[in-house]
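Q: A structural model of the following input is requested.
(one chain, ligands or ions: 1)
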Amino acid sequence: MQLIHRISEMREWIKTERYKGNKIGLVPTMGYLHEGHLSLVEKARKQNQAVVMSIFVNPLQFGPQEDYQSYPRDLQKDCDSAEKAGVDVVFNPSVEEMYLRYPPYTTVCIEEITKYLCGKSRPGHFQGVATVVSKLFNIVQPDRAYFGQKDYQQLIVIKTLVEDLNIPVAIEGVPIKREKDGLAVSSRNVYLSGEEREQAVCLYEALMLCQDLYMRGERGREKLIQAMKERILQESKATIDYVEVCDTRTLVPVSKINTPAVAALAVKIGNTRLIDNVILGGDKNAEEDA
Ligand code: AMP
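A: Reported below is the predicted structural model:
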């Protein structure tokens, strides 16, 4: 496996792969790899002859009060895991390499679907994400790119980006990887103390409660949200950022569910902000088509 830091070198490598006729899969990450990231690689391996993983903690997607500086990083360990998972190239540019000017003069702004959920509580976040992903698409020019359904709104944002700007990349969603107790695997889980880790399961349990109510016929947003909030607030360290039930495509909150919906939440456990979601109805296709 190769580790590449320079854009020019990345482009050279891509040129050679294209010359060989190989399809290229891109897995964008911020590193500190875990099972979730590796499941994206697994799907990318199956669908492409060459797999590039980018590891870049993108300052543009962090708010001023957020954890950019303290975000966990371990490039050596990440390269070992990436190699074992079958990644061909880890692309790890510096901030200076990625951004000729910082902040950049040109950014990508996505309207409407960023008004809700994380877009509402993290202003500028998706602009940062869409900008860096556009740059990665231009540098790597992959055939397919892989994104986790854990960051459901991000997946919708990226699908909208490629549709609106006619970017010739197929966007592939990958189901959420979870710990044994249901907690979604996340690089940020390392921030949790023992007690916080135990309490963090409330996100998953709240979503399961919601799904259960939905399966038993409940379609009202208020009831579903209330049940989730009650479960979360049983935990002393939990503070709710948002708990929402939205249309799977527009992300507009729905008052009565009669189209495919996603229950999504963001909760702080101590100082660690965690997100999770579930597609209501257990409609695997809605999840995979999202
Ligand atoms: P990150 O490094 O947190 O920016 O994540 C990189 C990619 O991995 C994103 O597309 C995430 O949605 C995806 N990802 C993160 N956690 C999980 C998980 N538990 N299951 C599946 N995909 C995930």
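
Q: going by C-alpha atoms from here, please, whenever you check contacts or count neighbours.
A: Noted.

Q: would you map the helices across the stretch 101-250 of the chain?
A: For the stretch 101-250 of the chain, helices defined by DSSP state H, counting those that start in this stretch occupy the ranges 117-121, 125-140, 152-164, 194-199, 202-215, 221-232.

Q: so which of those comes closest to the ligand?
A: helix 152-164 (7.2 Å; C-alpha to the nearest ligand atom).

Q: what angle sits between that closest one and helix 125-140?
A: Here helix 152-164 runs at an angle of 50 degrees relative to helix 125-140 (axes from the mean of the first three to the mean of the last three C-alpha atoms, to 10 degrees).

Q: buried sites along helix 152-164?
A: Going by neighbour count (16 or more other C-alpha atoms under 10 Å), the buried part of helix 152-164 is 152-162.

Q: what's the average pLDDT for that helix?
A: Here helix 152-164 scores 98 as its mean pLDDT.

Q: who does that helix touch, helix- and strand-wise?
A: helix 125-140, strand 170-174 (3 or more C-alpha pairs under 8 Å, 6 or more residues apart in numbering; DSSP states H and E).

Q: what about L280, how many neighbours?
A: 27 (other C-alpha atoms under 10 Å).

Q: that older thread, most widely separated two among the buried residues of helix 152-164?
A: Y152 and V162 (15.9 Å; C-alpha to C-alpha).

Q: touching, F62 and Y68? I think so.
A: Yes. F62 is within contact range of Y68, at 6.0 Å (criterion: C-alpha atoms under 8 Å).

Q: what about those two, which has more around it?
A: F62 (19 against 15).

Q: show me what contacts the more buried one?
A: Contacts here follow C-alpha atoms under 8 Å, 6 or more residues apart in numbering; on that basis F62 touches 68, 125, 128.

Q: any idea what I55 is bridged to?
A: T29 (DSSP bridges).

Q: pLDDT below threshold where in the stretch 101-250 of the chain?
A: The model of the stretch 101-250 of the chain has no residue with pLDDT under 70.

Q: near the ligand, which residues of it? Just list them.
A: Residues of the stretch 101-250 of the chain found near the ligand (C-alpha under 6 Å from any ligand atom) are 147-151, 174-178, 184-186.

Q: filter the residues you listed down to the buried ones and hand me the ChimeraX line.
A: This is how ChimeraX selects the buried members of those, with burial counted by 16+ other C-alpha under 10 Å:
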select :147,148,149,150,151,174,175,176,177,184,185,186
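
Q: state the pair within the residues of the stretch 101-250 of the chain next to the ligand that is farthest apart.
A: Every pair of these checked by C-alpha to C-alpha; the farthest is F147 and R178, at 15.5 Å.

Q: ok so, going back, closest to N258 out of the helices and strands packed on helix 152-164?
A: Taking the helices and strands packed on helix 152-164 one by one with C-alpha to C-alpha, strand 170-174 is closest: 23.3 Å.

Q: turn the helices and strands packed on helix 152-164 into JSON lines, columns for distance to L33.
A: Formatted as JSON lines, the helices and strands packed on helix 152-164 follow (distance: least, C-alpha to C-alpha, whole Å):
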{"stretch": "helix 125-140", "distance to L33": "18"}
{"stretch": "strand 170-174", "distance to L33": "15"}
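
Q: still on that earlier bit, would you turn the contacts of F62 into a markdown table with distance to A82?
A: Formatted as a markdown table, the contacts of F62 follow (distance: C-alpha to C-alpha, whole Å):
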| residue | distance to A82 |
| --- | --- |
| Y68 | 23 |
| H125 | 26 |
| G128 | 25 |
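
Q: please parse the protein into its domains.
A: Domain assignment for the chain by automatic domain parsing gives 2-174, 187-279.

Q: so which of the buried residues of helix 152-164 comes closest to K84?
A: L155 (25.9 Å).
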